[in-house]
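Colleague: What follows is a predicted protein model with its sequence.
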Amino acid sequence: MADKTRNPGEGNPRKIWEKYQTALDFNQKIHHNENFFIGKQWEGVKSNGLPTPVFNFLKRDVLFSVASNTSDNIKISASLLPNVAERSDKQFIVDILNAQFEHLFEHNKIAVRVREFMRNAAVDGDGATFTWWDEDAYTGQENIGAIRTEIIENTRVLFGNPNDRRVQNQPWIIVVRRERVDDVKERAKDNNVKNVDDIRPDSDDTNSRMDSYTDDKVTVLLYMRRDKATKEIKCTELVKGVIIRKEWSLGIRRYPITWTCWDYIQDSYHGQAMLTGLLSNQQFVNKMFAMVMVSLMRSAFPKIVYDKSRIKNWTSQVGAAIGIEGGDTKSVASIIEPTQISPQVSQVISSVIDYTQSFLGATSAALGDTRPDNTSAIIALQRASSVPMELTKQNMYDSIEDLGLIYLEFMAEYYGKRTVELPMDRLPKDMLTDEVRNFVGGAMPIDAKVPVEFDFSELKDMPVLLKLDVGASAYWSEIASMQTLDSLLMQGKITTVQYLERVPDGYIPKRQELISELKMQMGAIPMPAPTPDAQIPTDSSAEVVGGRGYGGLQRAINETGEVPV
């Protein structure tokens, strides 16, 4: 029976390839800045004999902006919607999800991925991630498989509607990969594809569109669309003319793609890169330095002019004598003094670099080029310089929250039943099985974590909110945090353990061991044993000396349990 929800041509490799070609033509109009960023700034420029120096100050500005917008302390915390949160028997799911998010962020190195994500956005205009299910990943449990996230180039993600930058609103999305022909053929055989021999390396025309470094590569398309009936994402994998894997359902309702633009462009899913509007400034600085170098090479050293009719040959040998035939030796030769370059040249070069960095928020205080005589002032300047980047930073946060929603979809669909750890006081009654009670044995603290089995498919019918918590990453923010902690500790507002728990990593070696030792000392302080010579009073009439308001009245209350009238 035909699938009425399928669009015409969805299973036709020719139709999908035509969509790819149309989207690819749109992508070819994008200006690429990669060469400029890595220092290849004279390619395609006619130097006409000029030197080709590169003073790549833009790279420092880009890396500064990326570092200012990212953080090592990215964390997603889950919470239930109000109508679900009222049910106390569901609160334990929040603990499970937060633990899973922490594991996924660590396992996929999201803090590192986000830096590459934002670097691509700053240089090329957009950042993109692709999340997929690795069904062969070892987990140590009965259900294997893990969620993977990787960074992909913006030119390898093609939207069905190039005028809309919202990922989840797309009619279809194509992810382009370059793979070895032998690997693709092997995968096609595993999927029982008959025309495997039709899988051949890309033609010269295709290779000219896609960067190719070898001849044994083929362009593989992952075509994704949302089914109109089930709302699930369905995929087809193909090369030109051959379906490698027929359409299958991912079982999730969100495209596994996150997308962010450094700066938005109206009616385009591709954004404006940070570098694009600054290339002319970089080229001007390079050309000015090149002309200064030519001027120095031609006129910076003194030149000697001599009378050729009186001196046949001039020698520059040190200490050598030059003979002439009669005449005044003072008029035989003269030295032309070297010309001086106008100081305005260096002033203009410096002004261009300073203005460019200032407009980007990379001021001298933010870059650390000022002396830290007044920390508070430097912190204020650093925060003020980061204000223009706030919109870009919020775009990044939105993308990471989208990544968390994608993780939720994958967990609900693929995790199945898995063993997780929960504190005893968070377990619902229906999960306090005999195995859990036997594991605890009555000797474990109530807040200790115990292993329980949880069915992640329950997440499909449970609405969950996500909130992104991000810590400070700037150097001056760490200095301010340390000064505040030092002040609180000296004033006695916090304990030593609280101080150590909040000190940034790298300041105190073996910090966690020190915290554990202090906690052990605080939790197990032995009472001093009485010495042999100590006299322990046995007479109940001994006067009990207390503080203010504690004396005979309090002793009478302790002895009788009643308040004397």
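Modeller: Sure thing, it's come through.
Colleague: What's the end-to-end length of stretch 221-235?
Modeller: 10 Å (Cα to Cα, to the nearest Å).
Colleague: now that stretch: mean pLDDT?
Modeller: Regarding stretch 221-235, the rounded mean pLDDT is 93.
Colleague: Determine whether the claim that Trp133 is in a helix is correct.
Modeller: No - counting by DSSP: H, G, I helix; E, B strand; the rest coil, Trp133 is not found in a helix; it is strand.
Colleague: quick one: the residue nearest to it when sequence neighbours are not counted from Thr236, how far?
Modeller: Leaving aside its sequence neighbours, Trp133 sits nearest to Tyr414 (Cβ to Cβ, 6 or more residues apart in numbering; 5.4 Å). All C-beta atoms are positioned from the backbone trio N, CA, C, and that covers glycine. Per Cβ to Cβ, to the nearest Å, Tyr414 is found 20 Å from Thr236.
Colleague: The two: who's more crowded?
Modeller: A direct count of neighbours by other Cβ atoms under 10 Å for Tyr414 and Thr236 places Thr236 higher, at 22 against 19.
Colleague: tell me what the host helix or strand of that one is packed against?
Modeller: According to DSSP states H and E, Thr236 maps onto strand 233-239. Strand 233-239 sits against helix 13-27, strand 217-226, strand 242-249, with contacts defined as 3 or more Cβ pairs under 8 Å, 6 or more residues apart in numbering; DSSP states H and E.
Colleague: what do you get if the cut-off is 10 Å, keeping everything else the same?
Modeller: helix 13-27, strand 172-180, helix 181-190, strand 217-226, strand 242-249 (3 or more Cβ pairs under 10 Å, 6 or more residues apart in numbering; DSSP states H and E).
Colleague: which residue ranges form the strands in the stretch 401-550 of the chain?
Modeller: Counting by DSSP state E, counting those that start in this stretch, the stretch 401-550 of the chain has strands at residues 417-423, 449-455, 464-470.
Colleague: In JSON lines, list these along with distance to Leu296.
Modeller: Converted to JSON lines, the strands of the stretch 401-550 of the chain look like this (distance: least, Cβ to Cβ, whole Å):
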{"stretch": "strand 417-423", "distance to Leu296": "69"}
{"stretch": "strand 449-455", "distance to Leu296": "70"}
{"stretch": "strand 464-470", "distance to Leu296": "49"}
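Colleague: Pick out the shakiest of those strands, pLDDT-wise.
Modeller: Among the strands of the stretch 401-550 of the chain, strand 464-470 has the lowest mean pLDDT, at a mean of 72.
Colleague: picking that back up, among the helices and strands packed on strand 233-239, which is the most enclosed?
Modeller: Comparing those by mean neighbour count (mean count of other Cβ atoms under 10 Å), strand 217-226 comes out on top with a mean of 21.
Colleague: and the angle from it to helix 13-27?
Modeller: If you take axes from the mean of the first three to the mean of the last three Cα atoms, to 10 degrees, strand 217-226 sits at 100 degrees to helix 13-27.
Colleague: quick one: strand 217-226 to strand 242-249, angle?
Modeller: For strand 217-226 against strand 242-249, the angle by the same axes, to 10 degrees is 30 degrees.
Colleague: Summarise which helices and strands strand 217-226 is packed against.
Modeller: helix 13-27, strand 172-180, helix 181-190, helix 204-209, strand 233-239, strand 242-249.
Colleague: Run through who's touching the longest one.
Modeller: Read it as helix 13-27. 7-10, 12, 154-160, 162-163, 171-174, 176, 206, 209-210, 219, 221, 223, 225, 236, 238-244, 268-270 (Cβ atoms under 10 Å, 6 or more residues apart in numbering).
Colleague: sorry, back to before: is it correct that the residue nearest to Trp133 is in contact with Leu250?
Modeller: Yes - here Tyr414 reaches Leu250: they are 9.4 Å apart, a contact under Cβ atoms under 10 Å.
Colleague: who touches both of these two?
Modeller: Common neighbours of Tyr414 and Leu250, using Cβ under 10 Å, 6+ apart, are Trp133.
Colleague: Any chance of CSV for the strands of the stretch 401-550 of the chain, columns distance to Ile494 and mean neighbour count?
Modeller: Formatted as CSV, the strands of the stretch 401-550 of the chain follow (distance: least, Cβ to Cβ, whole Å; neighbours: other Cβ atoms under 10 Å):
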stretch, distance to Ile494, mean neighbour count
strand 417-423, 25, 15
strand 449-455, 26, 15
strand 464-470, 21, 15
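Colleague: Looking at these, spot the one closest to Tyr255.
Modeller: Closest approach to Tyr255 among the strands of the stretch 401-550 of the chain is made by strand 464-470 (16.9 Å; Cβ to Cβ).
Colleague: and stretch 128-141, average pLDDT?
Modeller: Regarding stretch 128-141, the rounded mean pLDDT is 89.
Colleague: and what of stretch 96-104?
Modeller: When pLDDT is averaged over stretch 96-104, the result is 90.
Colleague: Name the residues of that stretch that come out as buried.
Modeller: Within stretch 96-104, the residues that count as buried by 16 or more other Cβ atoms under 10 Å are Ile96, Leu97, Gln100, Phe101, Leu104.
Colleague: what residues are up against the second one?
Modeller: Residues in contact with Leu97, defined by Cβ under 10 Å, 6+ apart, are 76-80, 404, 407-408, 411, 420, 456, 459, 462, 464, 466.
Colleague: Repeat the analysis, applying 8 Å as the threshold.
Modeller: Neighbour list for Leu97: Ala78, Leu408, Met411, Leu459, Val464 [criterion: Cβ atoms under 8 Å, 6 or more residues apart in numbering].
Colleague: likewise the fourth one?
Modeller: Taking Cβ under 8 Å, 6+ apart as the criterion, Phe101 is in contact with Lys75, Ile76, Ser77, Ala78, Gly404, Tyr407.
Colleague: neighbour-wise, which of those leads?
Modeller: Within the contacts of Phe101, neighbour counts (other Cβ under 10 Å) peak at Ile76, which reaches 24 neighbours.
Colleague: For that residue, give me the pLDDT.
Modeller: So Ile76 comes in at 85 (pLDDT).
Colleague: now do the one 3 residues further on
Modeller: According to the predicted model, the pLDDT of Ser79 comes to 82.
Colleague: and the nearest residue to Asn33 once chain neighbours are set aside, how many neighbours does it have?
Modeller: Spatial nearest neighbour of Asn33, excluding adjacent residues (Cβ to Cβ, 6+ apart): Leu275 at 4.3 Å. For Leu275, the count of nearby residues is 23 (other Cβ under 10 Å).
Colleague: just checking, Leu275 touches Phe36?
Modeller: Yes - Leu275 lies in contact with Phe36 (Cβ atoms under 8 Å); the separation is 6.2 Å.
Colleague: which residues do the two both contact?
Modeller: Shared contacts of Leu275 and Phe36, defined by Cβ under 8 Å, 6+ apart, comprise Leu58.
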